[in-house]
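> here are the coordinates; sequence isn't available:
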């Protein structure tokens, strides 16, 4: 059976910065045919829930008060990468626009909801290791 790494928030785990529900029924239906491995890179990096939102700006991950959380985001990416390797995942489905998980589009670092082309820290790490990564918007 194929294995898919999935952002835990898409499976209903309240790990997002704002603790909002983001369950995606399309992903839940994948459980019938695939082994889903939930991960939250931000929690794996040591961040609490809830937390202030973060965005990537000039290569650093900062919250809206300007505090640098790059180290935590990198640690979460490393831990997620370990799990992807351990389980030999066939695909990763990550939360769109997230500074950890975003694929193709992320917020620009101004906290104005403006999107730019780019990938989150964990997404970048997975792509560097040649894992296939999509966002839930690409399903």
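Good, I have the coordinates. Note that the structure is a prediction, hence the values are computed from the model and not measured.

> Spatially central residue in the protein, please.
Against the mean C-alpha coordinate of the chain, by Cα atoms, centre = their mean, the closest residue is residue 101 at 2.4 Å.

> What does the pLDDT read for that one?
If you check residue 101, the pLDDT there is 98.

> secondary structure class for it?
Following DSSP: H, G, I helix; E, B strand; the rest coil, the label given to residue 101 is coil.

> what sits against it?
7, 41, 94-95, 120, 122-123, 135 (Cβ atoms under 8 Å, 6 or more residues apart in numbering). Any C-beta I mention is one placed from the backbone N, CA and C, and that applies to glycine too.

> Once you drop chain neighbours, what's closest to it?
residue 94 (3.5 Å; Cβ to Cβ, 6 or more residues apart in numbering).

> Touching, residue 14 and residue 23? I think so.
No: here residue 14 lies out of contact with residue 23, judged by Cβ atoms under 8 Å, at a distance of 10.0 Å.

> Show me which of these two is the more surrounded one.
Neighbours per residue (other Cβ atoms under 10 Å) separate residue 14 from residue 23, with residue 14 holding more: 15 against 12.

> For residue 85, see how far away the more buried one is.
Separation of residue 14 from residue 85 (Cβ to Cβ, to the nearest Å) stands at 27 Å.

> out of the contacts of residue 101, which are buried?
With neighbours counted by 16 or more other Cβ atoms under 10 Å, the contacts of residue 101 contain buried members at 7, 41, 94-95, 120, 122-123, 135.

> wait, which of these is closest to residue 64?
The closest of the buried ones among the contacts of residue 101 to residue 64 turns out to be residue 120 (Cβ to Cβ; 16.9 Å).

> residue contacts, the closest one?
By Cβ under 8 Å, 6+ apart, the neighbours of residue 120 are 56, 94, 98-103, 106.

> Give me the contact list for the longest helix seen in the chain.
Assignment by DSSP state H gives helix 70-87 as the longest helix of the chain. Residues outside helix 70-87 that contact it (Cβ under 8 Å, 6+ apart) are 3, 5, 35, 37, 39-47, 54, 59-62, 89, 92, 99-100, 121-122, 124-126, 129, 131.

> From those, list the buried ones, please.
Using 16+ other Cβ under 10 Å, the buried ones in those are 3, 5, 37, 39-45, 47, 54, 61-62, 89, 92, 99-100, 121-122, 124-126, 131.

> All set, thanks.
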